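[1] sequence? don't have it. structure:
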């Protein structure tokens, strides 16, 4: 009787296609790996080891390829399955070769579920955690909680309506929350705050 082969199974938990270059793709998996291809999937590069401060592999909750700069990307990891409740969110500015933490002043007990880049302002980021939504006006150097009547709730997804420019926040247990017209936030700069 032949020995059974050990097969590792994983699922893609995050996927991003660059809005600038359709051959640039990122995939994150539920076993904590991050992969990138620059040739439409013919060859893949394992980026898993390039996330500083990430102790062990964590479920990849989101990957975003920037719409403003082909070399910029964002990745978020959720470690609560490993009793790690810290926020793990990163940015690459060199095509994925090096990643830096942009968790900044996020609460220590807020696993990150989603990160989203604004469609008009490259410095404006939105983030959803286990307990709240956050906004950054300086590309992740600091974060501010988005209140505006949003209750304490897990934020599972964030989208920006292409026509209305509304921020749409999908929550777990509290339905959908909408912040109408992001124009004022897009026009804010860190010097005005």
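    Perfect, I can see it now. Here the structure is a predicted model, which is why all the values come from computation and not from measurement. Numbers count the residues shown, from 1 in each chain.
[2] just checking, residue 38 touches residue 20?
    No - with contact defined as Cβ atoms under 8 Å, residue 38 does not reach residue 20; the gap is 11.9 Å. To be clear about C-beta, it is placed using only N, CA and C from the backbone, and glycine gets the same treatment.
[3] Now do the closest residue to residue 118 other than its chain neighbours against residue 73, distance only.
    Distances taken as Cβ to Cβ, 6 or more residues apart in numbering place residue 124 nearest to residue 118, at 3.7 Å, with adjacent residues excluded. For residue 124, the distance to residue 73 (Cβ to Cβ, to the nearest Å) stands at 16 Å.
[4] more crowded one of those two?
    residue 73 (26 against 22; other Cβ atoms under 10 Å).
[5] Any idea what the more buried one is bridged to?
    residue 65, residue 92 (DSSP bridges).
[6] Helices of the chain, residue ranges please.
    183-187 (DSSP state H).
[7] of residue 38 and residue 20, who's got more company?
    Legend: neighbour count by other Cβ under 10 Å for residue 38 and residue 20, higher for residue 38 (17 against 14).
[8] so what's that one closest to, chain neighbours aside?
    residue 24 is the one closest to residue 38 (Cβ to Cβ, 6+ apart), at 5.5 Å.
[9] ok, back up a step: wouldn't the residue nearest to residue 118 be in contact with residue 140 here?
    No - assessed by Cβ under 8 Å, residue 124 is found out of contact with residue 140, at 10.4 Å.
[10] related to what we said a few turns ago, make sure the residue nearest to residue 38 is actually in contact with residue 41.
    No - at 10.4 Å, residue 24 does not count as touching residue 41 under the criterion of Cβ under 8 Å.
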